[in-house]
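> below are the sequence and a predicted model for it; my questions follow.
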Amino acid sequence: MTRPRFPVPMPTRDGVSPSCVSLPHGPWPTIADFLVERFPAISREAWLSRIEANDVCDEHGVPITATRRYESPLRVYYYRALDAETPIPFEELVLHQDDDLVVVDKPPFVPVTPTGKYVQQSLLVRLKRKLGLDDLVPLHRIDRNTSGLVLFSVRPETRGLYQAMFPERRIDKHYEAVVPWHEGVSSVPAVYRSRLVDDDHFMRMREAPGEPNSETRIVLREARDGHALLELSPVTGRKHQLRVHCQALGLPIVNDPFYPTLQPAGNDDFDRPLQLLARSLSFVDPLNGALRTFESPRRLALPSAPAAAAA
């Protein structure tokens, strides 16, 4: 059953759509009382300040007042209060834009969608501000640390046709990665499969015994001076799949802050980006049957061997 798409009664502000919460049945005297209890990280004073500024309204666009009685069911919309964000000093590049699709080359360190401390610096919000497209939605995601291609849907009317390509595996995705290369290693498996499950730490994945649920095709492109350039083609789309598969082969991707060792959060080193690039995407367009191929202008390079010391 298709979920109905309700009109949002508040406009996008600085590229960020309003958040929404549905009011369940409950004993709260006022809507403000519910909001304070539902979001304990936000003080009552902060909620009252937002309400006074008309930054909270119901699904009909009627502003919520501090004394409005609780009503259920009802959807309430509100703007998040945004803390100052540290700018990420890399810019995205729009490679293609038409009535239905936007194709973007994402820099490293930028999350695709707002998450945690990243809102204005997320790729989605950046693009909404830059392109003026409030209905823009990512069709898939790549990790914050990964650079390369991301597809966005422009129109809700055609979004489902493009979204279906991913679970139905009708889109070819190719990545590149730089990994350490050990003396005596001469090849990589053409295909690597394993079972991936959540790790004890919520940010990571790990391999486990059992029926494989992930598959990656691997091609060795170049190897020299202690590093190699791999082409990685994920057949499945599990979280961190490429990073875990490389780690399992003893070839952890260069500058990976998660594998083999999880680095402390908030320690981004902009001079050491993860050497993983979503290089190309190709698919048959579900609207017109045309073959469409997009390629990132970025390139990964093997590190140069250190110069020999002078005698």
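That came through fine.
> leaving out the residues flanking it, which one is nearest to the spatially most central residue of the chain?
With distances taken as CA atoms, centre = their mean, the residue of the chain nearest its centroid is Val112 (3.6 Å). Residue nearest to Val112 in three dimensions, not counting chain neighbours: Arg141, with 4.5 Å by CB to CB, 6 or more residues apart in numbering. Bear in mind the C-beta positions are built from the backbone N, C-alpha and C, glycine included.
> and the one you found, how close does it get to Val191?
With the distance defined as CB to CB, to the nearest Å, Arg141 ends up 24 Å from Val191.
> of those two, which one has the most company?
For Arg141 versus Val191, neighbours defined as other CB atoms under 10 Å are more numerous around Arg141 (16 against 11).
> for the stretch 1-150 of the chain, which segments are assigned as helices?
In the stretch 1-150 of the chain, the helices defined using DSSP state H, counting those that start in this stretch lie at 31-38, 44-52, 123-131.
> output the shortest one as CSV, nothing but the C-alphas.
This file holds the C-alpha atoms of helix 31-38, laid out as CSV (Å, rounded to 0.1, in the frame of the first residue of the first chain):
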residue,chain,number,x,y,z
ILE,A,31,1.0,20.1,23.0
ALA,A,32,3.9,22.0,24.6
ASP,A,33,4.0,19.5,27.5
PHE,A,34,4.2,16.6,25.1
LEU,A,35,7.1,18.2,23.2
VAL,A,36,9.0,18.8,26.3
GLU,A,37,8.6,15.2,27.4
ARG,A,38,9.1,13.7,23.9
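> that helix - what's its average pLDDT?
On average, the pLDDT along helix 31-38 is 94.
> just list what it packs against, helices and strands only.
helix 44-52, strand 75-78 (3 or more CB pairs under 8 Å, 6 or more residues apart in numbering; DSSP states H and E).
> and Glu157, helix, strand or coil?
In three-state terms, and counting by DSSP: H, G, I helix; E, B strand; the rest coil, Glu157 is helix.
> and it, how many neighbours?
Counted by other CB under 10 Å, the residues lying close to Glu157 total 11.
> state the pLDDT value of it.
With respect to pLDDT, Glu157 has a value of 96.
> and the gap between it and His174?
On the measure of CB to CB, Glu157 and His174 end up 30 Å apart.
> where does the chain have low pLDDT?
Within the chain, the stretches with pLDDT under 70 are 1-7, 81-83, 305-311.
> in it, which spans are strands?
Secondary structure of the chain by DSSP state E: the strands cover 19-22, 56-58, 75-78, 93-97, 101-106, 137-138, 147-153, 171-180, 191-198, 205-208, 214-224, 227-234, 276-284, 291-295.
> which of those is buried the deepest?
Of all the strands of the chain, strand 147-153 carries the top mean neighbour count, a mean of 24, counting by mean count of other CB atoms under 10 Å.
> nice, that's everything, thank you.
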